[in-house]
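> coords below, sequence missing:
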């Protein structure tokens, strides 16, 4: 389960285990500082090695390559045989050793090596150390995503139809490998994830894909498509049915354990803060946001309980539903960024908004962003409808109020993931365009929600503030549940209760989020990343004008692509000293 490939964010799980303020004019952002004349010259072999690593990565991870816009890999899937996974682990280990063997690197090249090593370590954790290939359906989910062929007009429809046919022809073999790899009994939540995810493909293949390609008039190609779809649909259905048969013996053995959880943080995000300290940091942020919610509710719904206040905000539903509501919000969010001069917008691209496909409804929202090699291609912000099997009241509650949705739209598009990838796609360091980490991406998107409120979004409206805080509390509980579920023996039910009682989330969302914590242990990265960015902003702007330097900070931060935030901190401050996180209030008093 490696964290979501950076172009699928909501994410990202799709983990492809396989998501600001006004001020004076500032100098444009710069990328990592090149080597000065007095520093060591660049190692001539390094560039070639790094380029070869990227090409080897594409060969081993063709689905990732396709999403980045390398369409010579269209239709291909990774080799998920036990031997194939072993070869990939060996490739990563060999590349890591080769990178460490380089000497005489310039400062810029040393930074690039640190970035590469961080990426390799993260991939090694998920493929080698976490046990995900043998246990977690999320390891495979992202690479099975076919939307690039269906919704991204990178080539004529007929050419994309041929690519989809090749993809569909590869599905039966991939499904067989997945089934061979998953060792039962599996955790209950993992089984359900697989049933929902794999089981969402058959109807999609049979009903929606032919409609998308209906205008292609080549009869022979249409016949080939039909012949490819049925075996693919059958393979996915059989995989889902097999998982259903495993439900009676499914267990609750989802926890990584404290040692592996700490290793995950270090290997994927460069964070080695002790778990007890991290938990205190998360609890402090939860308490901060709960206090702010209490104050906002006192203004918005005097004398009402917090739950009643949240319900009142949630009752103000977006006109026409969540998809239409989000479409209406994007232009205003973008204009707010321009008016407040919070961050540069490097390009004229816009994001589409559509309903999530049935195999991608494990979370409310995500964005599918075109990669750096697909120039001028659209990106799509997807929103999932409620599960039709839920009670009617829960389905209604799952649809967010306008204020809540506003900050989801900020998170996914302006100035969250979409804007971040506009910057990443223009990074002068190609590796940074391709490999954007979980905490960088989700931390930035979550950070922007609070920053937009601080900059004046909503003009001080307590209802709008409650929408922002609702999103913050959701991520705070994720942070604490991740630690609890994987290191403290917390049950899924206890986590679900936390989402409802401490995060004030609706029942359906609470149920989804508690389950997600078991198969996405890194979903603490939303709050963890946000807090690291807030601390970095505080430290960087302290000697550069404070709030008036926010735009310069944002542009500089985004110029790096998406390495672990501790690496960005070292680049921006010229040193790695200093705490990664704001000091919890209780610790500050000691």
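Great, that's in hand. Keep in mind the model is a prediction, meaning the values are calculated, not measured.
> only C-alpha atoms for contact and neighbour calcs from this point on.
Fine.
> how about the strands in the stretch 1-150 of the chain?
If DSSP state E, counting those that start in this stretch is used as the criterion, the strands of the stretch 1-150 of the chain fall at 8-9.
> The stretch 251-400 of the chain now?
Going by DSSP E, counting those that start in this stretch, the stretch 251-400 of the chain shows strands at 351-355, 365-368, 379-383.
> of all the ones you listed, which gets the most neighbours per residue?
strand 365-368 (a mean of 27; mean count of other Cα atoms under 10 Å).
> Show me what that one packs onto, helices and strands only.
The contact analysis (3 or more Cα pairs under 8 Å, 6 or more residues apart in numbering; DSSP states H and E) places strand 365-368 against strand 8-9, strand 379-383, helix 402-412.
> Single out the most deeply packed of the ones you listed.
For these, the highest mean count by mean count of other Cα under 10 Å goes to helix 402-412, at a mean of 27.
> would you list the strands of the stretch 251-400 of the chain in CSV and tack on mean pLDDT and distance to residue 226?
Converted to CSV, the strands of the stretch 251-400 of the chain look like this (pLDDT from 0 to 100; distance: least, Cα to Cα, whole Å):
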stretch, mean pLDDT, distance to residue 226
strand 351-355, 93, 25
strand 365-368, 88, 26
strand 379-383, 93, 27
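> Could I get the helices and strands packed on strand 365-368 in JSON lines, plus columns for distance to residue 323?
Output for the helices and strands packed on strand 365-368, formatted as JSON lines (distance: least, Cα to Cα, whole Å):
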{"stretch": "strand 8-9", "distance to residue 323": "17"}
{"stretch": "strand 379-383", "distance to residue 323": "6"}
{"stretch": "helix 402-412", "distance to residue 323": "10"}
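> Determine which of the ones you listed approaches residue 246 most closely.
strand 8-9 (29.1 Å; Cα to Cα).
> What average pLDDT does that closest one get?
Average pLDDT, strand 8-9: 38.
> before we move on, what about stretch 86-96?
Rounded mean pLDDT across stretch 86-96 is 98.
> Just the residues contacting that stretch, thanks.
53, 60, 117, 120, 123-124, 127-128 (Cα atoms under 8 Å, 6 or more residues apart in numbering).
> quick one: which of these is nearest residue 478?
So of the contacts of stretch 86-96, ranked by how close each gets to residue 478 (Cα to Cα), first place is residue 123, at 22.4 Å.
> how far is the host helix or strand of residue 530 from where the chain is centred?
For residue 530, the host element (DSSP states H and E) is helix 525-541. Relative to the chain's own centre, helix 525-541 is displaced by 17 Å; criterion: Cα atoms, centre = their mean, to the nearest Å.
> I'd like the next helix or strand past it.
Taking DSSP H and E, what comes next after helix 525-541 is helix 550-558.
> same for the next helix-or-strand element following that next one, what does it pack against?
Once helix 550-558 ends, the next helix or strand along the chain (criterion: DSSP H and E) is helix 565-573. On a contact count with 3+ Cα pairs under 8 Å, 6+ apart, helix 565-573 meets helix 107-124, helix 525-541, helix 550-558.
> quick one: average pLDDT of the first one?
Same thing as helix 107-124. 97.
> How about the contacts made by residue 99?
By Cα under 8 Å, 6+ apart, residue 99 lies in contact with 113, 117.
> Let me know the pLDDT of it.
98.
> quick one on the thing from earlier: what is the nearest of the contacts of stretch 86-96 to residue 549?
Nearest to residue 549 among these, counting by Cα to Cα, is residue 117 at 31.3 Å.
> if I look at the closest one, how far off is residue 110?
10 Å (Cα to Cα, to the nearest Å).
> In terms of neighbours, single out the busier of those two.
Set side by side, residue 117 and residue 110 show more neighbours around residue 117, with 20 against 16, by other Cα atoms under 10 Å.
> Skip the chain neighbours and tell me the closest residue to that one.
The shortest distance from residue 117 to any non-neighbouring residue, by Cα to Cα, 6 or more residues apart in numbering, is to residue 96 (6.3 Å).
> which residues sit in contact with residue 374?
68-70, 154.
> which one of those residues is nearest residue 525?
residue 68 (23.0 Å).
> isn't that closest one right next to residue 433, touching?
No: at 9.1 Å, residue 68 does not count as touching residue 433 under the criterion of Cα atoms under 8 Å.
> Spit out the residues that contact the two alike.
With Cα under 8 Å, 6+ apart as the test, residue 68 and residue 433 both reach residue 372.
> What ranges does the stretch 101-250 of the chain have for its helices?
Residue ranges of the helices in the stretch 101-250 of the chain, as given by DSSP state H, counting those that start in this stretch, are 107-124, 138-141, 147-151, 157-181, 188-199, 201-203, 209-212, 219-246.
> before we move on, back to that, now, the most widely separated pair of the contacts of stretch 86-96?
53 and 128 (18.8 Å).
> Can you give me the neighbour number for residue 311?
16.
> Name the residues that touch stretch 161-176?
Everything outside stretch 161-176 that qualifies as a contact, by Cα under 8 Å, 6+ apart, is 74-77, 79-80, 146, 149-150, 213, 221, 224-225, 228-229, 231-232, 235-236, 239.
> And these, which of them are buried?
74-77, 79-80, 146, 149-150, 213, 225, 228-229, 231-232, 235-236, 239 (16 or more other Cα atoms under 10 Å).
> ok, the residue nearest to residue 297 when sequence neighbours are not counted to residue 293 distance?
Distances taken as Cα to Cα, 6+ apart put residue 309 closest to residue 297, at 5.9 Å, once the chain neighbours are dropped. Distance, residue 309 to residue 293, by Cα to Cα: 9 Å.
> Fine by me, we can end here.
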